[in-house]
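Trainee: Return a 3D structure for these sequence lines:
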Amino acid sequence: MTETNPTLSFEVFPPNSQVGVNNLTDTLDQLKGLNPSFISVTASNHKLNYEETTINLAKYVKDNLHCHTMVHMPAAYVTKTEVRSILNRLEKMNIHQVLALRGDIVEGYIPEKDFKYASDLTQFIKQEKPDFTVSGACYPEVHPDSKNRVDDIRHLKDKVDSGCDQLITQLFYDNEQFYRFQEECAIADINVPILAGIMPIVNRKQALHVIENCAARLPKKFINILDKYKDNPVSLKEAGIAYAVDQIVDLVTNDVSGVHLYTMNKADTAKHIFKNTASLFHLDSVTE
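Mentor: Reported below is the predicted structural model:
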């Protein structure tokens, strides 16, 4: 293990119903006291209701959990004027972390012209708020829009050179893919911390969604779990969480900079993993 233990952070997303709001409030209440390095709040691909959803949820996290908070900011549908206003609002809320993304292009919506790539947004944020921490997304198994792995690493290098302070990976289930990606980044002189994105699979529907939409390779070991427990949801959930814990232990053993846990707004999953891995991490005891 490195001299400084790796960080542990969580991701939550704005719910789209009142039931979801109530569930998330309960989840966040249960996450109090876990002292993550930060909690990130996702955003939809389009700017519609961005401030009412992402920003307001980030404010709730900041005010009620008293921890470092990060907001996701897709670039495609915002202007420089809008970003400047959002950054000023975040600063007043004492939130100084942004995950700069390009975001998907949504059919029927014409993108704005100020930020073609996430690197353009990263550079602008750093110009406007040099003290902000700007993170970027990365893909151990290649970005779906990239021509190939070499092209993907080249664009990632551009993103880091534009001012990106750290990278957070898309979810993955094969640690060897992550280690290969780390080596390729090192060769390309990408030297910022890379946080490993881990999403525990807790039901078969979620697993099928990952297979169909996330381009994440599922190792034979994990496919065997899905097959063996396909008719036993309780055992599948327990096995999925155990698999995530094993992934995390292996990552920490191999000196990962940090683990970013995609909670899917499920407190029980996050707490279970925290209970089994907390001693491996550097956990914040001092809030902003």
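Trainee: residues touching E51, list them.
Mentor: Residues near E51 by Cβ atoms under 8 Å, 6 or more residues apart in numbering: 86, 89. The C-beta positions use only the backbone N, C-alpha and C, and glycine is treated the same way.
Trainee: For V259, which three-state class applies?
Mentor: strand (DSSP: H, G, I helix; E, B strand; the rest coil).
Trainee: same question but for A76, I mixed them up
Mentor: Per three-state DSSP, A76 ends up coil.
Trainee: what's the spacing between the residue lying closest to Q182 once chain neighbours are set aside and G258?
Mentor: Leaving aside its sequence neighbours, Q182 sits nearest to I194 (Cβ to Cβ, 6 or more residues apart in numbering; 6.3 Å). Distance, I194 to G258, by Cβ to Cβ, to the nearest Å: 8 Å.
Trainee: ditto for S37
Mentor: 7 Å.
Trainee: Next, the residue nearest to Q182: phi, psi?
Mentor: phi -120, psi 110 (degrees, to the nearest 10).
Trainee: For S85, grab the count of nearby residues.
Mentor: 13 (other Cβ atoms under 10 Å).
Trainee: and the one helix or strand it maps to, how far out from the chain's middle?
Mentor: Using DSSP states H and E, S85 sits in helix 80-92. How far helix 80-92 lies from its chain's middle: 21 Å, per Cα atoms, centre = their mean, to the nearest Å.
Trainee: From the contact counts, what lies against it?
Mentor: In terms of contacts (3 or more Cβ pairs under 8 Å, 6 or more residues apart in numbering; DSSP states H and E), helix 80-92 is packed against strand 69-74, helix 118-128.
Trainee: Now the shortest one: average pLDDT?
Mentor: Average pLDDT, strand 69-74: 96.
Trainee: Name the surrounding residues that touch it.
Mentor: So strand 69-74 is contacted by 9, 38-47, 54-55, 58, 61-62, 83, 86, 90, 95, 97-104, 121, 125, 133, 135 (Cβ under 8 Å, 6+ apart).
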